[in-house]
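1. need coordinates for the following:
(one chain, ligands or ions: 1)
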Amino acid sequence: MTDPLDDLVQQVQGSIDQEVREEFGEAVYRRWKAPEYFGRMDSPDSFGVLTGSCGDVMEIYLRVEGHRVAACSFSTTGCGPSVVSGSGACELAWGRDLEDAATIEGSDILYLLGGLPPEKEHCAHLAAQTLREAVRTYWQGEDRLR
Ligand code: FES
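-> You can find the predicted model right below:
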């Protein structure tokens, strides 16, 4: 016998999933359901933290090996679009040279996600700016060692 409360929860979750798919598309939905790069990194080589004009905070953590992004993760206090944007920034940065990672723009993240509603595009720009901040902080640290 199934629990009526479990059935209700599944129905509600199913309709939320359907709404997200319809409003944001499959690429966003997949990353929202399972944000692969979500979580603060222990002992990162660098990180960036920025607060968007909306008040949400984005954090991006980098592990660097041989001037290449060997690992990337993010955390955010923001909405679903900021979660998928942080995830997209890490997805694009992972494995790239730092110089390349520093060129990633919000528009690249939006392209990867298949777009966001105009009122949420700033989430992608915040993620890209935070990634660049993490790279800049890494370079600053290297300069101090010289
Ligand atoms: Fe603030 Fe998404 S980052 S609304």
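
2. tell me who's in contact with Trp32.
-> By CB atoms under 8 Å, 6 or more residues apart in numbering, the contact set of Trp32 is 20, 24, 80, 83-84. Glycine gets a C-beta too; all of them are placed from N, C-alpha and C.

3. from the ligand, how far off is it?
-> When CB to the nearest ligand atom, to the nearest Å is applied, the distance between Trp32 and the ligand equals 12 Å.

4. surely that residue forms part of a strand?
-> No. Counting by DSSP: H, G, I helix; E, B strand; the rest coil, Trp32 is not part of a strand but helix.

5. how far away is it from Gly80?
-> The spacing between Trp32 and Gly80, counted by CB to CB, to the nearest Å, is 5 Å.

6. also Gly115?
-> When distance is defined by CB to CB, Gly115 is 14 Å away from Gly80.

7. quick one: the residue nearest to Cys54 when sequence neighbours are not counted and Gly52, what's the gap?
-> Closest residue to Cys54 in three dimensions, ignoring its sequence neighbours and counting by CB to CB, 6 or more residues apart in numbering: His122, at 6.8 Å. Shown here: His122 relative to Gly52, a distance of 6 Å by CB to CB.
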